[in-house]
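Engineer: build me a model:
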Amino acid sequence: MRELKVPSSPPPADAAERRAAKPVVVYRLDAARLNDAPLSDDARSGMGKIGETIVPAREGRAFDVPAGHFFRIVSIEGPQVGDLNLWNGANLSERFFSGKTRALHATHVSTGDRLWSSLPYLRPMATITHDTLDWYGFDADGAGVHDVIGTRCDPYTNRLINGVDYHHCCHSNLTRALAARMKLPFGDAEPHVHDVLNVFMCTGFTRDEHRYFMKASPVRPGDFIEFFAEIDLIGALSACPGGDCGAGHSNDEAPCHPLRVEIYRPREAALADWRPPAVSDYAGEPPG
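Structural biologist: Take a look at the predicted model:
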């Protein structure tokens, strides 16, 4: 076990006073959480499935979701986590911004939370409308499900730590999925892959050093997380090579399972008055 870091600087005389500063939540969530729940519930009540994509174990696949439709990520065979990327269907520069989503909502997201897009767009890309794991909350270790903390397993970090090449890290899976969807070379698609929503992944920070940890996911076949697409979306999902991420990842040792993405059309006319959110109306820097 790694030893705790020993401070090299002595505490000042007023150290206790400095540590006693009161915490302040950075963002007020009133505006960020605005979501017409009755509208989405009404649209969900008669929605019909129009398509699905199977994501094989240790692989990635892309999918499209029109604005005003719903999509689900479903566990179908065994405990399995997935790494999700989202892009504007007409502009890959607008993509999911996990850091701002974390700041506006929390380290882990669930029903009613929204997935926000990158600057300068900053608008909701998708809203979580149902989550069969919302019962989990935070456990005794401080872990929760569906995190926006981790970045995605990648072959570069794996090479750094383990000294070997592994080509089914989620970063690589997402890159291949986007490359196939957009008909791009791997190297052109890779810069568009970004930090993820870790779907079904159970994670937290250790209490002593606040280091990122994972533990076996509570997901079971039949569980799903459901989203409402606020804009036209291209999504990519990787069925992580860590399986339920209860022991490790970025290798072929963990039992892994496929995931299913389902696309749903809302009940007819349920969203007749709904409009996709506009991009940020910040005017930009004034002339200098």
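
Engineer: beta-bridge partners for the residue nearest to the spatial centre of the chain, please?
Structural biologist: Among the residues of the chain, the one closest to the centroid is Leu197, at 1.0 Å (CA atoms, centre = their mean). With beta bridges defined as DSSP bridges, Leu197 has these partners: Leu84.

Engineer: tell me the contacts of it?
Structural biologist: Contact analysis of Leu197 by CB atoms under 8 Å, 6 or more residues apart in numbering lists Asp83, Leu84, Phe96, Ser98, Thr101, Val109, Leu115, His146, Asp147, Val148. Where you see a C-beta, it was placed from the backbone N, CA and C, and this is true even at glycine.

Engineer: do that again at 10 Å, thanks
Structural biologist: Leu197 makes contacts with 73, 82-86, 96, 98, 101, 108-109, 115, 126, 128, 146-148, 150, 152, 225, 227, 237, as judged by CB atoms under 10 Å, 6 or more residues apart in numbering.

Engineer: of those, which belong to helices?
Structural biologist: Counting by DSSP state H, the members of the contacts of Leu197 that fall within helices are Ser98, Thr101.

Engineer: residue contacts, the residue nearest to Ala229 when sequence neighbours are not counted?
Structural biologist: Nearest residue to Ala229 in three dimensions, chain neighbours excluded: Val65, at 4.3 Å (CB to CB, 6 or more residues apart in numbering). By CB under 10 Å, 6+ apart, Val65 lies in contact with 51, 71, 86, 89, 125-126, 227-229, 231-235, 261, 263-264.

Engineer: show me what the lowest-mean-pLDDT helix or strand in the chain is packed up against.
Structural biologist: Of all helical and strand segments in the chain, the minimum by mean pLDDT, DSSP states H and E falls on helix 37-45, at a mean of 84. In terms of contacts (3 or more CB pairs under 10 Å, 6 or more residues apart in numbering; DSSP states H and E), helix 37-45 is packed against strand 70-75, strand 124-131, strand 224-229, strand 259-265.

Engineer: turn these into TSV, columns for mean neighbour count, mean pLDDT and distance to Gly243.
Structural biologist: Below are these laid out as TSV (neighbours: other CB atoms under 10 Å; pLDDT from 0 to 100; distance: least, CB to CB, whole Å):
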stretch	mean neighbour count	mean pLDDT	distance to Gly243
strand 70-75	23	98	11
strand 124-131	22	96	21
strand 224-229	24	97	18
strand 259-265	20	98	11
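
Engineer: distance to Tyr27 added to those strands, as CSV?
Structural biologist: Below are those laid out as CSV (distance: least, CB to CB, whole Å):
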stretch, distance to Tyr27
strand 70-75, 27
strand 124-131, 14
strand 224-229, 22
strand 259-265, 30
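
Engineer: and of the ones you listed, who's closest to Pro277?
Structural biologist: strand 124-131 (5.6 Å; CB to CB).

Engineer: quickly find the element holding Gly78.
Structural biologist: Using DSSP states H and E, Gly78 sits within no helix or strand.

Engineer: my read: it touches Asp244, true?
Structural biologist: Yes: contact status for Gly78 versus Asp244: in contact at 7.8 Å, counting by CB atoms under 10 Å.

Engineer: now for those two: what residues contact both?
Structural biologist: By CB under 10 Å, 6+ apart, the residues touching both Gly78 and Asp244 are Val219, Arg220, Pro255, Cys256, His257.

Engineer: could you flag which of the residues you listed are buried?
Structural biologist: Val219, Cys256, His257 (16 or more other CB atoms under 10 Å).

Engineer: distance of the second one from Gly243?
Structural biologist: The gap separating Cys256 from Gly243 is 5 Å, by CB to CB, to the nearest Å.
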